[in-house]
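In: Mind looking at a prediction? Sequence and model below.
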Amino acid sequence: MTDQAVTRDPALDPQLLELLTFMDAAAAKPMSQGTAEEARTAFRTLTVDMRDPAAVPDVASVEDITVPGAEGDLPARVYRPSTEGQRPTIAFFHGGGWVIGDLDTHDITCRTLANECDAVVVSVDYRLAPEHPAPAAGDDALASARWISEHLAELGGPEAMGVAGDSAGGNLSAVVAQTFRDEGRALAGQLLIYPGTDFTGDYPSLSENAAGYFLDLDTIAFFMQAYVGHLEGAALDEPRFSPLRGDVAGVAPAVVVTAQFDPLRDQGIAYADKLREAGVSVEATTFPGLIHGFVDMGRYSPAAQSAIVETCHLFRAVLHG
């Protein structure tokens, strides 16, 4: 996914450096130079095929279901922790630039959320671009989140619901949180993991971390072309695509986490700042030494695993508050 000759900051976590070096050697070509299907296969190889079964956390149960999307039913997966009694329900939307990723690629993440947040997690397999460009993913996220909010008694319990997602999923979660506020739907919290919040802004981290840290600018451009390439420039400022451009007053309390060596770092921080300025309760953390995608890299890096657990515990406090 990156040029092997790129120079990486010595503050990068050593274990993640080893992982990136391995990926450099294994990659036949950058993701941005292939097709969407090739990108999906490469991502599944990294996140599913290469994982050690012993690294997959146990949960009490995993159930495949369907939930309503904007234009038909969507595959979804329900994760239940081992604890008894009522607990919050989390609607989870996976990352992958709205182009790659599925229920399996984020299985470990959802299991970890269920255990560490003591919550039922409903992972939603929304439609992907370029076959289904914007606003398909956002429309699916909203439709499925509405259904989840209306079926909490069958899931975790009758009251608390949160939304969560990484990267593109963080974008979708922020959009859902703003829309739920507008619709008067209760939402206990939102967990935004290195979210994409602004399609049009220029941020220092985009150039500082342009290459060499898993997600690079060429890949971001590849994803954007697939998802929103058909839209006019002004449309990208709409809050349903760039939630940073929306009104955030009164949205659910948030946990926003970013990584030092992530091109999306600064727009995640900007969103946390905007929430705070609007009076929204927000816990914001930028983890040093880490990269975009760290939420699924705990099995390679103790530093990443520590950040994952800390993130979950911050969100647990919000959900159970």
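Out: Sure, I can see it.

In: which secondary structure elements does the helix or strand containing G289 contact?
Out: Here G289 is covered by strand 282-291, with elements defined by DSSP states H and E. Counting contacts by 3 or more Cβ pairs under 8 Å, 6 or more residues apart in numbering; DSSP states H and E, strand 282-291 is packed against helix 14-26, strand 254-261, helix 265-277, helix 302-320. The C-beta positions use only the backbone N, C-alpha and C, and glycine is treated the same way.

In: Phi, psi for D102 please.
Out: With angles defined as degrees, to the nearest 10, D102 sits at phi -160, psi -170.

In: re earlier: quick one: strands adjacent to the strand holding G289?
Out: When pairing is defined by DSSP bridges, strand 282-291 lines up against strand 254-261 (parallel).

In: re the thing from before, nearest to F222, out of the helices and strands packed on strand 282-291?
Out: helix 14-26 (16.5 Å; Cβ to Cβ).

In: Just list what that closest one packs against, helices and strands only.
Out: Going by 3+ Cβ pairs under 8 Å, 6+ apart, helix 14-26 lies up against strand 282-291, helix 302-320.

In: please redo it, this time with the cut-off set to 6 Å
Out: Applying 3 or more Cβ pairs under 6 Å, 6 or more residues apart in numbering; DSSP states H and E, we find helix 14-26 packed against no helix or strand.

In: switch to numbering from 51
Out: From this message on, residue numbering opens at 51, which makes the last subject helix 64-76.

In: Compute the inter-axis angle for that helix and strand 332-341.
Out: Per axes from the mean of the first three to the mean of the last three Cα atoms, to 10 degrees, the angle that helix 64-76 makes with strand 332-341 is 60 degrees.

In: Can you tell me what sits against the next helix or strand along the chain from helix 64-76?
Out: Downstream of helix 64-76, the next assigned helix or strand under DSSP H and E is helix 86-94. Helix 86-94 is touched from outside by M81, V149, I150, T155, P180, with contacts defined as Cβ atoms under 6 Å, 6 or more residues apart in numbering.

In: Pull the number of nearby residues for the fourth one.
Out: The number of residues packed around T155, counting by other Cβ atoms under 10 Å, is 20.

In: The closest residue to it other than its chain neighbours - how many residues pack around it?
Out: Nearest non-adjacent residue to T155, counting by Cβ to Cβ, 6 or more residues apart in numbering: T97, 4.2 Å away. Neighbours of T97 under the rule other Cβ under 10 Å: 23.
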